[in-house]
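1. Mind looking at a prediction? Sequence and model below.
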Amino acid sequence: MPTVDLNCDMGESFGAYTVGDDRAMMDIITTANIACGFHAGDPCVMRDTILAAKAAGVAIGAHPSFMDLYGFGRRRISGERPEDIEAQLVYQLAAIQGMAASLGWPITHMKIHGALSNMAAEDPVLAKVCVSAVRAVDPSLVFVTLPFSETMKAAQTAGLTVACEVFADRRYTTNGMLASRQMEGAVIDELQQSVDQVLSMLRDNRIPTIGGGFLPVQATTVCIHGDTPGAVATAAALRKELGRAGIDIAPFARPSL
């Protein structure tokens, strides 16, 4: 039976602000990517999300970003020195790794968030910076990234274990990148469309693109954004439909306790 991981970006609440329904999502997913405080999250939210994941047996990883709380990490920031981006990533990785270790539920992977992820997917220099940060902190971590991306190439070249990620709620361009959120229809908000796209990627091993074509893919994990409206319903429907299609759901990596 084929197996795939179901992951969600979460832990993105902070202070008095609540983003997503993390508690409900924990009963559905197998892996959580937890914000590290730069685009969202705070120490208390990070702690509580890790504890909730531990109680549910959900694997966890770092979800670092540009330092952009106001823009939720989805604004492209240029002009930063590569070594400064690497320092920001190391800082975030170390923060969540330390918190997770103190709670007895170690992180298994890193997945870059938002604009930084999209930029690194297209920029080989920035991709190497992201990979270098992981190698500096913990080269045993799995690097989660897009297929056809510079980050995947850099991580493979560096000898990191790579998990190929596809998205349930985003559309793809003809070169395999995520369509800009500024583009109409880039975010899928219709449940059946999301289910159909995921089944195409997992059962048929092909990504539908905006241009009407398809790209080949061997997906390791499927992502649902926790802040997308209806995210919990989408995740529940996906899990149900994947089961019907004979696809088992399990984490791609488990904590080394």
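-> That came through fine.

2. any chance you could read off phi and psi for the nearest residue to residue 25 once chain neighbours are set aside?
-> Take residue 25 and drop its neighbours on the chain: the residue closest to it by CB to CB, 6 or more residues apart in numbering is residue 8, 5.2 Å away. The way it works is simple: take the backbone N, C-alpha and C, and place the C-beta from them, glycine included. With angles defined as degrees, to the nearest 10, residue 8 sits at phi -140, psi 140.

3. okay but residue 8 is in contact with residue 30, surely?
-> No: look at residue 8 against residue 30 with CB atoms under 8 Å: they stay out of range, at 9.4 Å.

4. Compare those two (neighbour count), which wins?
-> residue 8 (29 against 22; other CB atoms under 10 Å).

5. Please tell me how far that one sits from residue 145.
-> 17 Å (CB to CB, to the nearest Å).

6. go on, residue 176?
-> Counting by CB to CB, the gap from residue 176 to residue 145 is 11 Å.

7. With residue 197 instead?
-> 19 Å.

8. Those two: which is more packed in?
-> A direct count of neighbours by other CB under 10 Å for residue 197 and residue 145 places residue 145 higher, at 28 against 22.

9. residue contacts, the more buried one?
-> Counting by CB atoms under 8 Å, 6 or more residues apart in numbering, residue 145 makes contact with 111, 112, 117, 121, 151, 152, 155, 162, 163, 164, 165.

10. now with 7 Å?
-> Each residue near residue 145 by CB atoms under 7 Å, 6 or more residues apart in numbering is listed here: 151, 152, 155, 162, 165.

11. Where does pLDDT dip in the stretch 1-150 of the chain?
-> For the stretch 1-150 of the chain, applying pLDDT under 70 flags the ranges 1.

12. Can you point out the buried residues in the longest helix along the chain?
-> If you go by DSSP state H, the chain has its longest helix at helix 82-102. For helix 82-102, the neighbour count (16 or more other CB atoms under 10 Å) marks 85-86, 88-97, 99-100 as buried.

13. Contacts for it, please.
-> Residues outside helix 82-102 that contact it (CB under 7 Å, 6+ apart): 34, 36-38, 46-47, 50, 60, 62, 64, 67, 106-107, 110, 125-126, 129-130, 132-133, 136-138.

14. then that helix to CSV, C-alphas only?
-> Only the C-alpha atoms of helix 82-102 are listed here, as CSV (Å, rounded to 0.1, in the frame of the first residue of the first chain):
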residue,chain,number,x,y,z
PRO,A,82,23.1,35.8,2.5
GLU,A,83,25.0,35.4,5.7
ASP,A,84,22.3,37.4,7.6
ILE,A,85,19.5,35.2,6.2
GLU,A,86,21.5,32.1,7.3
ALA,A,87,21.9,33.6,10.8
GLN,A,88,18.1,34.2,11.0
LEU,A,89,17.4,30.6,10.0
VAL,A,90,20.0,29.2,12.5
TYR,A,91,18.4,31.4,15.2
GLN,A,92,14.9,30.0,14.5
LEU,A,93,16.1,26.4,14.1
ALA,A,94,17.9,26.6,17.4
ALA,A,95,14.9,28.1,19.2
ILE,A,96,12.5,25.4,18.2
GLN,A,97,15.0,22.6,18.6
GLY,A,98,15.8,23.7,22.1
MET,A,99,12.1,24.0,23.0
ALA,A,100,11.3,20.6,21.5
ALA,A,101,14.2,18.9,23.3
SER,A,102,13.1,20.4,26.6
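
15. what's in contact with stretch 36-55?
-> 10-15, 19, 22-23, 26, 32, 34-35, 60, 62-69, 72-73, 88, 92, 95-96, 99-100, 103, 105, 113-114.
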